[in-house]
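Engineer: sequence plus the predicted model coming up.
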Amino acid sequence: MGEPQRQYRLADGYAGIVEWLRSGLDAERAVVRTGCAVEVVRWRRGAVEVQYRSAAGPDTHVVRAPRAVITLPLGVLKAREGDAGAVRFEPTPIMLKNIRERLEVSQVVKLVLRFRHMDPLDGVGDAGD
């Protein structure tokens with residue numbers, strides 16, 4: 001057998017990564033909100049609405065944009081509607097429906113989706129349908 005695998009952690013925590021990413025954004029065009037729990041992502045071609053709650057209180061907030069990059073921990077992505085911490089997509093992307101149950105934690109977690117000739121929204125109606 002080989003050497004045991006080492007685990008590495010950031011000495012100052014993961015907040016440093018968020019701050020580093022934030023520093024590369026145009027503050028007039030992008031806002032990073034921390035300490036929030038996303039509840040619903042509503043989307044259609046050309047519009048995204050993210051509903052979230054802040055840790056500071058029970059009120060629900062909404063942010064809207066023409067596009068969004070959504071990243072979630074695997075446990076949150078796999079959580080079923082009604083589970084604590086689950087994020088609901090309206091509508092659920094077809095690709096997510098097809099792979100959600102097959103995603104698992106492994107030594108390397110990287111998922112890259114590249115759409116060269118296929119419209120990723122093909123077969124998905126507007127959120128208002």
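Structural biologist: Great, that's in hand. Numbering: from 1, shown residues only.
Engineer: drop to CA atoms for contacts and neighbour counts, all remaining ones
Structural biologist: Fine.
Engineer: got the end-to-end distance for stretch 77-89?
Structural biologist: End-to-end distance for stretch 77-89, by CA to CA, to the nearest Å: 10 Å.
Engineer: contacts for it, please.
Structural biologist: Stretch 77-89 is contacted by residues 37-43, 76, 100-101, 103 when judged by CA atoms under 8 Å, 6 or more residues apart in numbering.
Engineer: mean confidence score for it?
Structural biologist: Averaging pLDDT along stretch 77-89 gives 88.
Engineer: for the chain, what spans make up the strands?
Structural biologist: All strands of the chain, identified by DSSP state E, fall at 36-44, 47-54, 60-65, 88-90.
Engineer: just put the ones you listed in JSON lines and tack on mean neighbour count and distance to Glu3.
Structural biologist: Output for these, formatted as JSON lines (neighbours: other CA atoms under 10 Å; distance: least, CA to CA, whole Å):
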{"stretch": "strand 36-44", "mean neighbour count": "18", "distance to Glu3": "39"}
{"stretch": "strand 47-54", "mean neighbour count": "17", "distance to Glu3": "43"}
{"stretch": "strand 60-65", "mean neighbour count": "12", "distance to Glu3": "47"}
{"stretch": "strand 88-90", "mean neighbour count": "17", "distance to Glu3": "42"}
